[in-house]
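Asker: A predicted structure for the sequence below; I have some questions about it.
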Amino acid sequence: QLSQNLSQNLVPNAKPLGLGQIRPKASLYVELNAGASQSLITPSESVSKSIGGGVGVESYLGNFNLTTGLNFKASFHDDLFLTRTGKVYGFGSNIGTNEYDVQKIYSIEMPISLGYNFGRHNLNLGVRPSLIIGAQTQFQAFEDEQLLRTSQINGLIEEEINGENVRALMRFGVKPTLGYSYRINNWTIGANVG
């Protein structure tokens, strides 16, 4: 028995005893998630909510695991307002104001994490790059404080200011994550903070 344990420990990439029975070398997963976070702007007392899901691959090397995936996320906001004001020249001048209320943001995320397993427990560190692919925004245009028109914009907001295109939202982002999960047979439940 002792020689069998020693020879298994000397084999490169061998799984520790016990993990080999419940974990393959790599596995596909489906992820469903929901979350809450502080507002994207400060100061604010609002909370942003999100839902999403995705697929990925989890690979094992001894007690370590590498997780990569591709997720879709929809986030909901109550306080993302952008106001642009300028003078409109014609016969005289008027003050023109455009107001944007970003209500939903749609993004794709690529979570990457490295974890360490001890028994059924897993601690992991990672990064979560993201790309905004769309938004739903309520738009209002005013001239001298009189409402001219209102509409809903589905897509990314761009305006030309002084001959330059300006985006209201940063398209690319990355956030660090710290997570814990617990394996129950073929299911894993856990939480990540980012």
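Answerer: Arrived safely.
Asker: What's the local residue count around the residue nearest to S39 when sequence neighbours are not counted?
Answerer: Across the structure, with CB to CB, 6 or more residues apart in numbering as the measure, the residue nearest S39 apart from its sequence neighbours is S46 (4.7 Å). In short, each C-beta sits where N, CA and C put it, glycine included. A count of nearby residues for S46, using other CB atoms under 10 Å, gives 13.
Asker: so when I look at L156, I'm seeing a helix, right?
Answerer: No: inclusion of L156 in a helix is not indicated when DSSP: H, G, I helix; E, B strand; the rest coil is applied; the result is coil.
Asker: That one and A135 touch, don't they?
Answerer: Yes: with contacts counted by CB atoms under 8 Å, L156 reaches A135, the gap being 6.1 Å.
Asker: intersection of neighbour lists for these two?
Answerer: L169 (CB atoms under 8 Å, 6 or more residues apart in numbering).
Asker: now what about the helix or strand where A34 lies, what contacts it?
Answerer: For A34, the element it lies in under DSSP states H and E is strand 26-38. Contacts of strand 26-38 from elsewhere in the structure, counted by CB under 8 Å, 6+ apart, are 44, 47-60, 69, 71, 73, 188.
Asker: mind saving the C-alpha coords of it as CSV?
Answerer: Output in CSV follows, covering the C-alpha atoms of strand 26-38 (Å, rounded to 0.1, in the frame of the first residue of the first chain):
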residue,chain,number,x,y,z
ALA,A,26,-11.4,18.6,-17.5
SER,A,27,-15.1,19.2,-17.5
LEU,A,28,-17.6,21.5,-19.2
TYR,A,29,-20.0,23.6,-17.1
VAL,A,30,-23.1,25.7,-17.4
GLU,A,31,-23.3,28.7,-15.1
LEU,A,32,-26.3,30.7,-14.0
ASN,A,33,-25.7,33.8,-11.9
ALA,A,34,-27.3,36.8,-10.3
GLY,A,35,-25.8,39.6,-8.3
ALA,A,36,-26.0,43.0,-6.8
SER,A,37,-23.3,45.7,-6.7
GLN,A,38,-22.7,49.3,-5.8
